[in-house]
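Participant: Here is a sequence with its predicted model. Questions after.
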Amino acid sequence: MTEPTATFREWLSAADPASRAQAQAQEIYRAALALAANPLTLIGGLIVLALLLTALFAPVLTIYAPNDQDLANRLAPSSSLHLLGTDELGRDIFSRIVHGARLTLYIVIVVALTAAPAGLAIGATAGYLGGVTETILMRITDIFLAFPKLILALAFVAALGAGLNSAILAIALTAWPPIARIARAEALVIRQSDFIAAVRLMGASDARIIFRHVVPLCVPSVIVRITLDMAGIILIAAGLGFLGLGAQPPAPEWGAMVSKGREFLTDQWWIATYPGIAIFIVSMGFNLLGDGLRDVLDPREATR
Amino acid sequence: MTGSIIKAQDLTVTFPSPQGPQSVVDKVSFQLGPEKLGIVGESGSGKSMTARAVLGLVPTPGRVTATTLSYRDNNLLTMPATQLRKLRGAKLSMILQDPKFSLNPVMRVGDQIAESVRLHQDADRRTSREKALEILARVQIANPDRVYGLYAHEISGGMGQRIMIAMMIAAKPDVLIADEPTSALDVTIRGQILQLLDDLIGEQGTSLIFISHDLNLVAKYCDRILVMYRGSVVETLDAQNLHASQHPYTKGLLDSLPRLDDTRTRLPVLDRSVL
Amino acid sequence: MIRVDDLTVSFGRGDARFVAVNQASFDVAANSAFGLVGESGSGKSTLLRALCGLVPVESGTFDLESDKKPQMVFQDPFGSLHPRQTVDQALREPLLIHGVSDQEPRIHQIMENVGLSPTLRFRYPHQLSGGQRQRVAIARALVLEPDILLLDEPTSALDVSVQAEILNLFKDLKEQRNLTYIMVSHDLAVVSFLCDAIAVMKDGRIVEQLSRDRFAAQDAIDPYTNSLFQAYQ
């Protein structure tokens, strides 16, 4: 005889989880419930989700290809044919914004996947080991932090050559130092805890302690920070695009679109305005989501 | 009853939870006269929350209800927030376990005492400073001039409690609530602090609510004791009768304490099923 | 038998040098419990941490006569468990570090030994009571089967009814597993209940050592020990 199958929701709220997977799923479920309880976070989450879906289904959502030119129909205002009008080459702006979501998401994901782990590893190692290692790692971090992000990114792009991938690399190089600082601050506190002393007594190596015990506790604040930083990253990417140092034409990068549209701003305001609105909405979405994540993931809340 | 300074009838504190409102304090009734009233109980018994409810300091989203909650016939539940705050500063006061949280971190401790003197005794700046130094000496601080200039983070736990008591001497409260005031202190210092607290109370006729998990300490120090368990008062008794208590919870707690000259090889475990 | 000789631990250098433990010497018989009592700042916890290598020793020697590392049970059951690891992970970690193969039965066994219900195995620390957390910490310390357990105020953050359960558990485990304890506490009665011999520390020095019988009878010579007894009254 098998037990009557419990519903998924019961499984998620059972008092005594029967496996590690269930225990972790329950933690995530609780965090998701807490996240969804805050309307602003929900809006932020929906914006980010919309960005994801837009990027994923871009070809389905649009009639025109982003680079299809229709010179007979250039600089056309919004109409039933072209929802948000066309630009100076007669390309459909709606289509370009939708496809531009792919570029934005690509930048955001690559930066998050490189800067966050790098910053986390450097910061947690510096904070846990202390001493000379910490001094060296943190002075390097300080050097990066001493320059304004956009200026530093500009310098890197100038050195690496213009292009989307060098823009991403430049942004990633400017994005890790704040992460490292946060991870170090967390690690400094964590290394004093008794549970770290306990694993040291068990004979765990420094690397094991850092990556299995210290890093998981730094992750929440790093996630919060990188989510909040996303807005800035998108703006820098757009800024580089605007200056012609990021994605190259004819790629439908939002910043580059604003830059091109600038020439027509007085008469054909929509060319620059709509991609600008897209940048604004997506940046705000990440900010709202980051604020909500901070409330839910703050490790100081979770330890007690 | 005349003579009762604080009167609480069916005092209840609830917090919302996914399973509906949970009572952390459940229909607690007591009266505080000119005495030292001890509230004992384990963690989660609601002893601290009872005191906070009296002072109007229950954190949100907690809700306080009662059929009566009054201070000298002033209804504390309906009192406007500004008036309650004034009352808290002047007449009802609190000492916490860690004085660092009660002291202003960016103000010298001496100035905090002097300010208290100025507020409550209507003294000018110079006299209030002198008074503050005088009070510091009275709470057996060896070098009042030096301590006057220290900040909260520069003082030890014992020193901090002395300074809290000094503030109370300046403020002359009518009712003082002390929440585990000596739990973080070493035993030798604990005795001195309790003595100071005793002097203060005796001198100014202050009523004391003394919250502690330490049954022996409360039995020795207080006049009357409320024993709390899971939000309710399970027993009210004179302090001298505590060790003769027949209530299964009180008796169970006392039995589970080891003694210096214990001959038992195992300690009895509290049987919660009979409670 | 554990033998500690002239052990000195200090922090800082030059004018800022602070001697936390000053030439402490004592012996602990195998399968006995040794208590270190004193007030905050007496150096008792530092001494305990020096014995397991968490704090460097400046001079003096100690011999634990065990090829296994001593394990420790800490005061604060909130802080001694990793907040994002389940009970199962906490108990498995030492086995993983030492490459022990029969992990499942050992985790089951140790949970049973310390009186933890198997239903608690996949709970996080914040879903456990203070007493349950301390049992997890004890289980974690014992899962590698050490000979020596160092106890740093292991019951002072617990309610008295829970303290009684944990003290009984320590007594049982000592017999079952042939353990030797060194316990630090400020609570004279707790030390007296569990320990066979007691050393009193003040300002980094051991001022007096007493057998349990003399300790229980408050038969001390040193004035500081007597003042502790006085305050206990």
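Facilitator: Nice, I can see it. Numbers count the residues shown, from 1 in each chain, chains lettered A, B, ... in the order given.
Participant: Pull out the buried residues from stretch B:223-236.
Facilitator: If you call a residue buried by 16 or more other Cβ atoms under 10 Å in any protein chain shown, then stretch B:223-236 has these buried ones: B:224-231, B:233-235. The C-beta positions use only the backbone N, C-alpha and C, and glycine is treated the same way.
Participant: repeat for stretch A:176-192
Facilitator: A:176-184, A:186-188, A:190-191.
Participant: that older thread, any chance of CSV for the buried residues of stretch B:223-236, columns secondary structure and distance to chain C?
Facilitator: Formatted as CSV, the entries for these read as follows, by DSSP: H, G, I helix; E, B strand; the rest coil; distance: Cβ to the nearest Cβ, whole Å:
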residue, secondary structure, distance to chain C
B:224, strand, 21
B:225, strand, 15
B:226, strand, 17
B:227, strand, 13
B:228, strand, 12
B:229, strand, 10
B:230, coil, 12
B:231, coil, 15
B:233, strand, 18
B:234, strand, 14
B:235, strand, 16
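Participant: one step back: quick one: which of the buried residues of stretch A:176-192 is nearest chain B?
Facilitator: Proximity of the buried residues of stretch A:176-192 to chain B (Cβ to the nearest Cβ) peaks at residue A:188, which lies at 18.2 Å.
Participant: OK, contacts around that closest one?
Facilitator: With contacts taken as Cβ atoms under 8 Å, 6 or more residues apart in numbering or on different chains, residue A:188 has the following neighbours: residue A:127.
Participant: any idea which helix or strand carries it?
Facilitator: Under the criterion DSSP states H and E, the helix or strand holding residue A:188 is helix A:164-190.
Participant: Output the contacting helices and strands for the helix or strand just after that helix.
Facilitator: Later in the chain than helix A:164-190, the nearest helix or strand by DSSP H and E is helix A:194-201. Identification of packing neighbours for helix A:194-201 by 3 or more Cβ pairs under 8 Å, 6 or more residues apart in numbering or on different chains; DSSP states H and E yields strand C:71-73, helix C:87-97, helix C:130-142.
Participant: Out of the ones you listed, which one sits most buried?
Facilitator: Neighbour counts averaged per stretch over the helices and strands packed on helix A:194-201 are highest for strand C:71-73, at a mean of 26; criterion: mean count of other Cβ atoms under 10 Å in any protein chain shown.
Participant: In the stretch 101-250 of chain B, which residue sits closest to chain A?
Facilitator: Per Cβ to the nearest Cβ, the residue of the stretch 101-250 of chain B with the smallest distance to chain A is residue B:101, at 15.7 Å.
Participant: ok, that residue to chain C distance?
Facilitator: Counting by Cβ to the nearest Cβ, to the nearest Å, the gap from residue B:101 to chain C is 18 Å.
Participant: Contact partners for that residue?
Facilitator: Residue B:101 makes no contacts at all, as judged by Cβ under 8 Å, 6+ apart.
Participant: ok, now residue A:61?
Facilitator: With contacts defined as Cβ under 8 Å, 6+ apart, the neighbours of residue A:61 are A:54, A:98.
Participant: Now do the strand or helix carrying residue C:150 and helix A:194-201, the angle between them.
Facilitator: With elements taken from DSSP H and E, the one containing residue C:150 is strand C:148-152. On the basis of axes from the mean of the first three to the mean of the last three Cα atoms, to 10 degrees, strand C:148-152 is oriented at 160 degrees to helix A:194-201.
Participant: list the helices and strands the helix or strand that strand C:148-152 is followed by packs on?
Facilitator: Secondary structure here is assigned by DSSP H and E; on that basis, the next helix or strand after strand C:148-152 toward the C-terminus is helix C:160-177. On a contact count with 3+ Cβ pairs under 8 Å, 6+ apart, helix C:160-177 meets helix B:248-256, helix C:130-142, helix C:188-194.
Participant: of these, which approaches chain A most closely?
Facilitator: helix C:130-142 (6.5 Å).
Participant: so residue C:6 is in which element?
Facilitator: Element membership for residue C:6 (DSSP H and E) is strand C:2-11.
Participant: can you list contacts of that strand?
Facilitator: Strand C:2-11 is contacted by residues C:17-28, C:34, C:43, C:46-47, C:50-51, C:55-65, C:148, C:180, C:182 when judged by Cβ under 8 Å, 6+ apart.
Participant: so of these, which ones are in helices?
Facilitator: Judged by DSSP state H, helices contain the following of the contacts of strand C:2-11: C:46-47, C:50-51.
Participant: near chain A, which of those residues show up?
Facilitator: Of the entries in these, none also sits close to chain A under the rule Cβ under 8 Å from any Cβ of the partner chain.
Participant: ok, residue A:203 to residue B:78 distance?
Facilitator: Using Cβ to Cβ, to the nearest Å, one obtains 63 Å as the distance from residue A:203 to residue B:78.
Participant: for residue C:79, same thing?
Facilitator: Between residue C:79 and residue B:78 the computed distance is 43 Å (Cβ to Cβ).
Participant: what are the phi and psi values for the closest residue to chain C within the stretch 1-150 of chain B?
Facilitator: Closest residue of the stretch 1-150 of chain B to chain C, Cβ to the nearest Cβ: residue B:42 (3.9 Å). Reported as degrees, to the nearest 10, the phi and psi values for residue B:42 are phi -80, psi 180.
Participant: on that earlier part again, format the helices and strands packed on helix C:160-177 as JSON lines; extra columns: mean pLDDT and distance to chain A.
Facilitator: Supplementary listing: those in JSON lines, determined by pLDDT from 0 to 100; distance: least, Cβ to the nearest Cβ, whole Å:
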{"stretch": "helix B:248-256", "mean pLDDT": "93", "distance to chain A": "25"}
{"stretch": "helix C:130-142", "mean pLDDT": "96", "distance to chain A": "7"}
{"stretch": "helix C:188-194", "mean pLDDT": "96", "distance to chain A": "19"}
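Participant: which one of those helices lies closest to residue A:256?
Facilitator: The closest of the helices and strands packed on helix C:160-177 to residue A:256 is helix C:130-142. By Cβ to Cβ, the value is 56.0 Å.
Participant: after the helix or strand containing residue B:178, next one along is what?
Facilitator: Residue B:178 is part of strand B:175-179, with elements assigned from DSSP H and E. Helices and strands here follow DSSP H and E; after strand B:175-179, the next one along the chain is helix B:187-204.
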